[in-house]
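Asker: Just to be clear, the model below is a prediction. Sequence and coordinates:
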Amino acid sequence: MNVLAREFYRRDAVRLARALLGKIVVHETREGVVAGRIVETEAYRGPADRAAHSYGGRRTARNEVMYGPPGHAYVYFIYGMHWCLNVVAAETDVPEAVLLRALEPIEGIDVMRARRGVATRDEHLLRGPGNLCRALGVTREQNGHDFAASPLFIADASPIPASQIARTPRIGVDYAGADAARPWRFIIGASPSVSGKNLVRRVGK
DNA sequence: AGGAAGATCCGCT
DNA sequence: GCGGATCTTCCTG
């Protein structure tokens, strides 16, 4: 298994969001190894993006890792119940990130199911950013972790052809004005693990 | 010091 | 489709 190196992440969040499709997230936990294939991502583009935590250059204890080097985990808590896992993109001091919204389960199905504590199909165990963290065992403890190192890392895999990728506006950012409409959510259209509807236009070449 | 809103999920109607 | 759960974070006064 080939772990992605730091340089892979050193690009803007939109390009990284697309490039991460098909890659493998692995978390080695006490309960067992859990892994999944990335099928849904969203890009958050720094100070100019009203939907981003770093909008306007806002810098707080919470989003501090967005300002750090690329390839690290930005984990935050939302709605009083859920954690969300992001991959920091771009250069140090350029606060961009990619939200991981859904994976296809590959390994550790039993562990994921136990953590979720809900009856659902295997393909849905890692669907949705909150569910993904719950099943992977990701919480505040992983905030700032380097994705190039155990126990939480991302492994390389073949790039996904453009014909299999679709893009849509991001979910849950209606408050972001003009930025709400930007097509910065990327999905592998055919995957049964993608949240919401799959349609919308293809990514051009 | 206080309050509002949030990159969500699930169960019920 | 709607609303309740639940709490951190940040902004205001």
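Answerer: It's in.

Asker: can you give me the helices in chain A?
Answerer: A:13-19, A:109-116, A:129-136 (DSSP state H).

Asker: Name the stretch from those that approaches A:Ile171 most closely.
Answerer: Of all the helices of chain A, helix A:129-136 sits nearest to A:Ile171, with 8.8 Å by Cβ to Cβ. From N, CA and C alone the C-beta is placed, and that goes for glycine too.

Asker: Residues of chain A that sit close to DNA strand B?
Answerer: Residues of chain A found near DNA strand B (Cβ under 7 Å from any atom of the strand) are A:42, A:44, A:51-54, A:66, A:74, A:77-82, A:84, A:86, A:97, A:99, A:116, A:118, A:120, A:128-132, A:170-173, A:175, A:195.

Asker: try 6 Å this time
Answerer: A:44, A:51-53, A:78-82, A:84, A:86, A:97, A:99, A:118, A:128-131, A:171-173, A:175 (Cβ under 6 Å from any atom of the strand).

Asker: Could you pick out the buried ones from the residues you listed?
Answerer: Buried members of the residues of chain A next to DNA strand B, scored by 16 or more other Cβ atoms under 10 Å, are A:44, A:51-53, A:84, A:86, A:97, A:99, A:128-131, A:173.

Asker: nearest to A:Thr29, of those residues?
Answerer: Nearest to A:Thr29 among those, with distances taken as Cβ to Cβ, is A:Asn131, at 16.3 Å.

Asker: Looks like that closest one contacts A:Arg115 (just checking).
Answerer: No: the criterion here is Cβ atoms under 8 Å, and A:Asn131 misses it with A:Arg115 at 9.6 Å.

Asker: How about the contacts made by A:Met112?
Answerer: By Cβ atoms under 8 Å, 6 or more residues apart in numbering, A:Met112 lies in contact with A:34, A:105, A:125-126, A:135-136.

Asker: For these, which single residue is the most surrounded?
Answerer: When these are compared by neighbour count (other Cβ atoms under 10 Å), A:Leu126 ends up highest, at 31 neighbours.

Asker: So what touches stretch A:53-62?
Answerer: Residues outside stretch A:53-62 that contact it (Cβ under 8 Å, 6+ apart) are A:44, A:46-49, A:63, A:66-67, A:76, A:95-97.

Asker: and the two most separated of these?
Answerer: Pairwise over those, using Cβ to Cβ, the maximum falls at A:Ala48 and A:Tyr76, 20.1 Å.

Asker: Same drill for the two, tell me which one is more crowded.
Answerer: When neighbours are counted by other Cβ under 10 Å, A:Tyr76 comes out ahead of the other of A:Ala48 and A:Tyr76, with 18 against 11.

Asker: Many thanks, we can stop here.
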